[in-house]
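Colleague: Sequence and computational prediction follow.
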Amino acid sequence: MKKLILASIILAVSFFSISNNVFAFDMKNEGEIEKLLDLNVGPDEYDLELAHIDAMTFENPEVTKMYNKYKKLNSDLKRGIMAEYREWNIEYYQLQGLITAQKNFVYHTNKVFFHIWMKEQFPDYVEADEYVLKNYRAARSNFATLKSLMHRKY
């Protein structure tokens, strides 16, 4: 009987000491895991599937400057959307509207610069000007939608 009681006490003590070690491990490494995952920066953008402006190069330095301004604008827009998302300042339908408008803005911006690039490569490409104008108007329209949904000025 004494052996049974002694065995129960040892079992109970060892069980609780193992549990405490497991919890101590979790609490000790919790900050390190968050740093490794970088939860405040990376995965949210991936989850929202925000669009990126395609990488392109141009012969005309003025077009390159304009292209870089659009890339910076898109980067600022994505940061703004992410800030609103992280702070829970927007409703679900607004978030979906922002994502859709941002994707459309990037799509049409990519098309603008693609047709400009095509015009540089093939000067006889007469339809380029029409396509640039059409996509530029669509990009501006989606940018206006983004501004109205975010209530911010860029």
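Modeller: That came through fine.
Colleague: so what secondary structure elements neighbour the helix or strand where residue 110 lies?
Modeller: Using DSSP states H and E, residue 110 maps to helix 92-121. In this structure, helix 92-121 packs against helix 61-86, helix 128-150, with contacts taken as 3 or more C-beta pairs under 8 Å, 6 or more residues apart in numbering; DSSP states H and E. Glycine gets a C-beta too; all of them are placed from N, C-alpha and C.
Colleague: any idea how far residue 80 is from residue 140?
Modeller: Distance, residue 140 to residue 80, using C-beta to C-beta, to the nearest Å: 18 Å.
Colleague: Those two: which has the busier surroundings?
Modeller: residue 80 (17 against 13; other C-beta atoms under 10 Å).
Colleague: I'd assumed residue 151 was in contact with that one.
Modeller: No - if you go by C-beta atoms under 8 Å, residue 80 and residue 151 don't touch, sitting 10.2 Å apart.
Colleague: For residue 102, give me its contacts.
Modeller: For residue 102, the contact set (C-beta atoms under 8 Å, 6 or more residues apart in numbering) comprises 50-51, 74, 77-78, 81, 142, 146.
Colleague: ok, 6 Å please
Modeller: Residues in contact with residue 102 (C-beta atoms under 6 Å, 6 or more residues apart in numbering) are residue 50.
Colleague: Give me the secondary structure label for residue 53.
Modeller: What DSSP: H, G, I helix; E, B strand; the rest coil gives for residue 53 is coil.
Colleague: I'd say it and residue 75 touch.
Modeller: No - if you go by C-beta atoms under 6 Å, residue 53 and residue 75 don't touch, sitting 8.7 Å apart.
Colleague: would you turn the helices and strands packed on helix 92-121 into CSV with mean pLDDT and distance to residue 107?
Modeller: Formatted as CSV, the helices and strands packed on helix 92-121 follow (pLDDT from 0 to 100; distance: least, C-beta to C-beta, whole Å):
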stretch, mean pLDDT, distance to residue 107
helix 61-86, 88, 11
helix 128-150, 91, 8
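Colleague: so can I have TSV of these showing distance to residue 104?
Modeller: Listed next are the helices and strands packed on helix 92-121 as TSV, based on distance: least, C-beta to C-beta, whole Å:
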stretch	distance to residue 104
helix 61-86	12
helix 128-150	4
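Colleague: that older thread, more neighbours, residue 53 and residue 75?
Modeller: residue 53 (19 against 12).
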